[in-house]
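Chemist: predicted model, plus sequence, below.
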Amino acid sequence: MKALRWYDSRDVRVEDAPDPRLQDPKDAIVRITATTICGSDLHLYDGFVATLEKGDILGHEFMGEVMEVGAAVKTLKPGDRVVASFPISCGECVYCLKGQFSLCHNSNPEKELQDKFLGNHTAAIYGYSHMFGGIPGGQAEFVRIPYADVGTLKIPSHLPDEKVLFLSDIFPTGYQAALNCDLKGGETVAIWGCGPVGQFAIRSAFLLGAERVFAIDHVPERLEKARAAGAKTLNFDELKVHDTLMELTRGHGPDACIDAVGMEAHEGGFIGMYDKVKQLMRVETDRPFALRQAIMACRKGGVLSIIGAYGGFGDKIPLGAMFNKALNIHECQAHVQAHWRKLLDLIEAGAIDPSFIISHRMPLAEAAEGYRMFLEKRDGCMKIFLKP
């Protein structure tokens, strides 16, 4: 089969790879009909995630047609159309039973790497380094789905791939970001990052009852999509974000702040250069500028929701502000399987059409160029729909 394989920082290639096969009775083999490049894939592309090996197949957002199932698979049959969740979850451990699917205790076959780095292990993730299991990803023609009954959602035939593909990650992730804000109705929410996850966080915040949403970025196309969703946009190149938020909230700050940026936040000036140099020298894994700003802006007793991906260690985190302002901090990889049926219902009801996020369509054969375009945000690139 053809697959997108990683070889080094900014070196990915579409080439031949071994066809997947069933390895466990709970496995399924899926023929990919649609996949995409996630913002967190760019952290791999830039070389900021450890334990990748040359030739690894990337991709954790994908869907397709079931071709083969193991003897223990109960809910799927060949011909079923499914979306796969990016966290691989057993469905039986204490975390899965609580609905905390991204914390699965059993799915990561290389858990010792995470035990050393994180203090304990979490769920495996497709195509996201050997610390997250070394499971081949879905930027390919075929993929093996472990724990297939738990990690797939069957899709009705009348819904096109473009509308449901993002149930694999970014729609549930944006929803999780807003859900973590504990919204009761009438709140003001500020969201750092208007990329794909930020866009779904904006829409999810309104769905969950937010009265005002401030969206912070500097890419014109992203700010325009945020405005189209009803958010008030703040371009951090043109104003001081903290001061502006204080003015707009009568000196209190937003009730909830969402960091939808993660480890490669952009910022000019001395602090931006400081973070970038330390990251390039590998003495700091993350550039947490957006996180710092969200902590400082959040109102006293407010909620900080961190959904942008972080890889390890950041510097100059204002712990004093977090502590003294009594912030409530929620962060996680999204528990996709806990949310995707509800979100599928919203799609079917016409409450949201996730295909708005697609800016480009490409064949899988051009995925390496897609990575470059997405990284450089060329040609208004927001999200690339890849078809094998």
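Modeler: Received, thanks.

Chemist: quick one: contacts of the longest helix along the chain?
Modeler: Scanning the chain for the helix with the most residues, using DSSP state H, yields helix 336-349. Among residues not part of helix 336-349, those counted as contacts by CB atoms under 8 Å, 6 or more residues apart in numbering are 83, 85-87, 89, 99-102, 150-151, 153, 155-156, 159, 163-164, 167-169, 171-173, 175-176, 179, 207, 352-354. Heads up, the C-betas are built off the backbone N, CA and C, glycines and all.

Chemist: buried ones in the helix or strand that it is followed by?
Modeler: Remark: after helix 336-349, the chain's next helix or strand is strand 360-363, criterion DSSP states H and E. Of the residues in strand 360-363, H360, M362 count as buried by neighbour count, 16 or more other CB atoms under 10 Å.

Chemist: what's strand 360-363 packed up against?
Modeler: Other elements packing on strand 360-363 under the criterion 3 or more CB pairs under 8 Å, 6 or more residues apart in numbering; DSSP states H and E are helix 367-376, strand 384-387.

Chemist: how about the longest helix of the chain: buried residues?
Modeler: V336, Q337, A338, H339, W340, L343, L344, L346, I347.

Chemist: what are the ranges of the strands in the stretch 151-300 of the chain?
Modeler: 152-154, 188-192, 212-217, 232-235, 256-259 (DSSP state E, counting those that start in this stretch).

Chemist: each with direction, which strands does the fourth one pair with?
Modeler: To tie it back to what came earlier, the one meant is strand 232-235. Strand 232-235 pairs in its sheet with strand 212-217 (parallel), by DSSP bridges.

Chemist: name the surrounding residues that touch the strand it pairs with.
Modeler: 187-195, 198, 202, 205-206, 223, 226-227, 229-236, 241, 245, 248, 254, 290.

Chemist: so for it, mean pLDDT?
Modeler: Mean pLDDT, strand 212-217: 98.

Chemist: same check, this time on stretch 109-117
Modeler: For stretch 109-117, the per-residue pLDDT averages 89.

Chemist: got it, and stretch 91-103?
Modeler: Here the average pLDDT along stretch 91-103 is 98.

Chemist: can I get that stretch as PDB, trimmed to CA atoms?
Modeler: C-alpha atoms of stretch 91-103 as PDB (Å, rounded to 0.1, in the frame of the first residue of the first chain):
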ATOM      1  CA  GLY A  91     -13.100   0.100  26.700                       C
ATOM      2  CA  GLU A  92     -12.600  -2.100  29.700                       C
ATOM      3  CA  CYS A  93     -10.000  -0.500  32.000                       C
ATOM      4  CA  VAL A  94     -11.000   1.800  34.900                       C
ATOM      5  CA  TYR A  95     -10.400   4.900  32.900                       C
ATOM      6  CA  CYS A  96     -12.400   3.800  29.800                       C
ATOM      7  CA  LEU A  97     -15.300   2.800  32.100                       C
ATOM      8  CA  LYS A  98     -15.300   6.400  33.400                       C
ATOM      9  CA  GLY A  99     -15.400   7.800  29.900                       C
ATOM     10  CA  GLN A 100     -11.700   8.900  30.100                       C
ATOM     11  CA  PHE A 101     -10.800   7.100  26.900                       C
ATOM     12  CA  SER A 102      -7.600   9.000  26.200                       C
ATOM     13  CA  LEU A 103      -6.200   7.700  29.500                       C
END
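
Chemist: lowest average confidence, helix or strand, in the protein?
Modeler: helix 269-280 (a mean of 64; mean pLDDT, DSSP states H and E).

Chemist: pretty sure L375 contacts L44?
Modeler: No - using CB atoms under 8 Å, L375 is not in contact with L44, being 11.2 Å away.

Chemist: low-confidence regions, the stretch 201-350 of the chain specifically.
Modeler: 266-285 (pLDDT under 70).

Chemist: quick one: the helices in it?
Modeler: With DSSP state H, counting those that start in this stretch as the criterion, the stretch 201-350 of the chain has helices at 220-228, 241-248, 269-280, 289-297, 319-324, 336-349.

Chemist: would you turn these into CSV with distance to W6?
Modeler: Below are these laid out as CSV (distance: least, CB to CB, whole Å):
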stretch, distance to W6
helix 220-228, 26
helix 241-248, 34
helix 269-280, 19
helix 289-297, 26
helix 319-324, 35
helix 336-349, 23
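
Chemist: closest one to E68 among the strands of the stretch 151-300 of the chain?
Modeler: For E68, the closest of these is strand 152-154, at 13.2 Å, according to CB to CB.

Chemist: quick check: buried residues in that closest one?
Modeler: T152, L153.

Chemist: how far out from the middle of the chain is that strand?
Modeler: The chain centroid and the centroid of strand 152-154 are separated by 18 Å under CA atoms, centre = their mean, to the nearest Å.

Chemist: excluding chain neighbours, give the residue nearest to the residue nearest the centre of the chain in space.
Modeler: Nearest to the mean C-alpha position of the chain, by CA atoms, centre = their mean, lies I170 at 5.1 Å. Excluding the flanking residues, the one nearest I170 by CB to CB, 6 or more residues apart in numbering is P196, at 4.7 Å.
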